Structures are given as C-alpha cells and as structure tokens.
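Student: this is the structure alone, sequence omitted:
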C-alpha cells in the first residue's frame, strides 16, 4: 500500500506580519523628535509673526489665521506620526514628537498671545 | 499683589501664568528624570516604555488642559467653538490631570505595558503643580471675601483686570492654600516613596488633591452653577464614588498597612 504524500511544509511567514524588532529608546532620538515638533511650532509662529509685523489689519488677521491653522497642522502631523512611530517602538523619534508637541502647546500661548495682543494694539 | 504680565520682550508681553505653567512642567519633568536616575542607581532601572507613558501623559494633559472645559454649558449654543476654546478658552488643571491620566493609560495600552507607573511621576507632579499655581496666584481672582488676617486686597487697577473682582475687599488667597497643599504633598510623597505597592502613592495623591480641591472651591470664587456647587465640585462629586471604592478595596487588601507603621514610627 502506498503511503499518502506528506503534507507540504507551511509557507514562510510573510515578512510584514512579523513584529518589528524592538529598538531601545535613546535620548538622542527623543531629542531629535522633540526638536522637529518644536521647529514646527516655531515655524508657525515665525510665519504668523511676519504677518503681525505689517501695519495692515487684513494681513494681521491673516497672521492670526496662519497661527491657528499652523497649530492644527502641526498637531495632526506630530500626533499621527508620533503615535504610529511609538507603537512601532522606533527607539524615541515618535516619543520625542509627542513630547515636543505637548511642550510647544504649553509654550506657544505665552508667545503667541503676546504677539496677538501686540499686533492688535 | 497681581502681576499678570511678567515682562515685555520688545513690545510683546510675556504672561506670568503661561510662564509659570511652563516652569511647573519643566520642574515636573526634571524630577521625573531624577526618579529614573534614582531607580537606575538602586539597581531597578525602569522599562524604557516609561518614556512613551510620559509622552502620552504630556499630550493628554496638553489637549484636555485646553479643551477640557469646552462643553461646560448644557446648551451647546453657549459654548465657544473648538477653535475659540483652543485659542482663548480658560485652562483647567483638573481637565489637564484627567487628560494626563487618560493619555498615560492609552500609551500603556498602545505599548502593551501593564505595570502601574504613576509613582514615577507623582513627586514631580506635586512640585510642578505648586510652581504652576504661582502663575494663578499672580494673575487670577484670588478667592471669595474673608475677614481672616491673611486676606489679600486688590487695588482698583488690579480689580479692573480680573473679572468678578472688587477693589478694597480682603479676599481668600485660595491659590496660596493650594500651593501649600502641593508643597506639603511633595514632602510627604518623598518620604513615602517605595513604601507602598507600585502606583498607590499616585492614587492617594489624586484622591487627596480631589478632596482638598472640593473644599477649597468654597473659597475660590468660581461660578456657582448648581445647589451651591461650582463646576469642579460637581465633577469631583461625580468621581467620588470611584475614589471611595478604590480606598476601601485597597484598605481591605492591607495595602495601607505600611502607612500605619510609618505613622507609628513618626509618633515614636
């Protein structure tokens, strides 16, 4: 009696299905991520500040809009990328983006509100 | 007594409140780093996922600290738009604490980190809160009227800069009370560090602050909205059953027995 053929070996696992290798968190990578997020905040302030410097109410209002829109964009980018990278255990860039964004949120009102008051004065 | 603007850079005013809040965060972060170093030196270094928890707490605190009081009126038309709330709305430390707690929980879930982590942050949080509240003390309505000798009196210019304030009347320095609470908590928490099961010190601090805040709200001068209570008091009242349940459950498990021993040793 002939034996049934042995079952085929299981296919090799799809590379994408394997968990990403865990990377230890490094201080330098956190600082790099935080630097990127804070740079995004500063860029928003810089563009808005240029609008405030002009002696024209319409442009000042554009500056205020840019300040708010820039904050929304910075929040969306930093939080989305930060959360995805943190979940993938990228070694600190994602965590840095989140920390930098949160610290920026605390500091920007101190500068941004002052700029708005000065511009409207 | 009030000093809402700390300085001017050129013509730009630097607001005392925001500077002190930022300083409080810096103090809290510094003490968190110190705690990590202390544990490393003690031979029990923290899992590096604690950084993700810290990031989650900061993001949650920043988001809810600014947006947490958005839906404060039952009629939606009375609430500011989200953009207005984000840009000009009142900040709330209670909302920020809730946001930080939820942010940390979400981050732990995201990174599959099961250990209780509150004790890493609690000492820094207490001192950071004390520093941040100095900003409130120097820029907000101090409290309700009082005849106590330490009441503070605003001059007409100061009273005009704060909604609801009256010049020439002694007021409770409610933020000074809160600063004293956080400083005392900081000292006690430092002493009790490592004496309870992980995370319990943080729970006790939150419950203690909630109880203190409920009482101090009676002299804070916030708007009374229902049965003589302010919005923060109503929020705290809603959370109270959870806090009582937690304390009773932990007491039955004997979690607080080491506290009794510390108290007895202190008395001796």
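Tutor: Looks like it arrived, so ask away. Given the structure is predicted, the values throughout are model-derived calculations rather than measurements.
Student: and the helices in the chain, which stretches?
Tutor: If you meant another chain, say so; for now it's chain A. A:27-52, A:57-87, A:93-120 (DSSP state H).
Student: wait, chain B
Tutor: All helices of chain B, identified by DSSP H, fall at B:16-41, B:50-67, B:82-88, B:93-110, B:118-139, B:156-161, B:174-192, B:200-216, B:231-252, B:257-267.
Student: for the stretch 101-250 of chain B, which residue gets nearest to chain A?
Tutor: residue B:110 (5.1 Å; C-beta to the nearest C-beta). Quick note: C-beta positions are derived from backbone N, CA and C, even for glycine.
Student: quick check: that residue touching residue B:52?
Tutor: Yes. Between residue B:110 and residue B:52 there is a contact under C-beta atoms under 8 Å: 7.2 Å.
Student: list the residues that contact residue B:262.
Tutor: Applying C-beta atoms under 8 Å, 6 or more residues apart in numbering or on different chains, we find residue B:262 in contact with B:191-192, B:195.
Student: sketch out the low-pLDDT regions of chain A for me.
Tutor: Along chain A, segments meeting pLDDT under 70 span A:1-2, A:11-21, A:51-55, A:57, A:108-121.
Student: around chain A, pick out the residues from chain B.
Tutor: Neighbours of chain A within chain B, by C-beta under 8 Å from any C-beta of the partner chain: B:9-15, B:18-19, B:21-22, B:25, B:48-49, B:51-52, B:54-56, B:58-59, B:61-63, B:66, B:83, B:86-87, B:107, B:110-111.
Student: just the buried members of those residues?
Tutor: Neighbour counting over these (16 or more other C-beta atoms under 10 Å in any protein chain shown) leaves B:12-13, B:15, B:18-19, B:21-22, B:25, B:48-49, B:51-52, B:54-56, B:58-59, B:61-63, B:66, B:86-87, B:107, B:110-111 as the buried ones.
Student: count the residues that sit near residue A:84.
Tutor: 13 (other C-beta atoms under 10 Å in any protein chain shown).
Student: any idea how far chain B is from it?
Tutor: Remark: distance between residue A:84 and chain B (C-beta to the nearest C-beta, to the nearest Å) = 10 Å.
Student: with residue A:9 instead?
Tutor: 31 Å.
Student: can you list the helices of chain B in a markdown table and add mean pLDDT?
Tutor: What follows is these, written out as a markdown table (pLDDT from 0 to 100):
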| stretch | mean pLDDT |
| --- | --- |
| helix B:16-41 | 90 |
| helix B:50-67 | 90 |
| helix B:82-88 | 72 |
| helix B:93-110 | 90 |
| helix B:118-139 | 93 |
| helix B:156-161 | 84 |
| helix B:174-192 | 95 |
| helix B:200-216 | 94 |
| helix B:231-252 | 92 |
| helix B:257-267 | 79 |
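Student: okay, those, which one's buried deepest?
Tutor: Ranked by mean neighbour count under mean count of other C-beta atoms under 10 Å in any protein chain shown, these are led by helix B:50-67, which reaches a mean of 25.
Student: show me what that one is packed up against.
Tutor: helix A:57-87, helix A:93-120, helix B:16-41, helix B:82-88, helix B:93-110, helix B:118-139 (3 or more C-beta pairs under 8 Å, 6 or more residues apart in numbering or on different chains; DSSP states H and E).
Student: can I get the ones you listed in TSV including distance to residue B:251?
Tutor: Listed next are the helices and strands packed on helix B:50-67 as TSV, based on distance: least, C-beta to C-beta, whole Å:
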stretch	distance to residue B:251
helix A:57-87	36
helix A:93-120	35
helix B:16-41	26
helix B:82-88	40
helix B:93-110	22
helix B:118-139	18
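Student: minimum distance to residue B:214: which of these has it?
Tutor: Proximity to residue B:214 (C-beta to C-beta) singles out helix B:93-110 among these, at 10.7 Å.
Student: so for residue B:102, what's the nearest residue that isn't a sequence neighbour?
Tutor: In space, residue B:102 comes closest to residue B:60 once its chain neighbours are excluded; the distance is 5.1 Å by C-beta to C-beta, 6 or more residues apart in numbering or on different chains.
Student: do residue A:96 as well
Tutor: Once flanking residues are discounted, residue A:96 sits nearest to residue A:33: 2.1 Å by C-beta to C-beta, 6+ apart.
Student: around the one you found, how many other residues sit close by?
Tutor: Number of residues near residue A:33 (other C-beta under 10 Å) recorded here: 28.
Student: quickly note the distance from the residue nearest to the spatial centre of chain A to chain B.
Tutor: Nearest to the centroid of the C-alpha atoms of chain A, with distances taken as C-alpha atoms, centre = their mean, sits residue A:78, at 1.5 Å. Separation of residue A:78 from chain B (C-beta to the nearest C-beta) stands at 9 Å.
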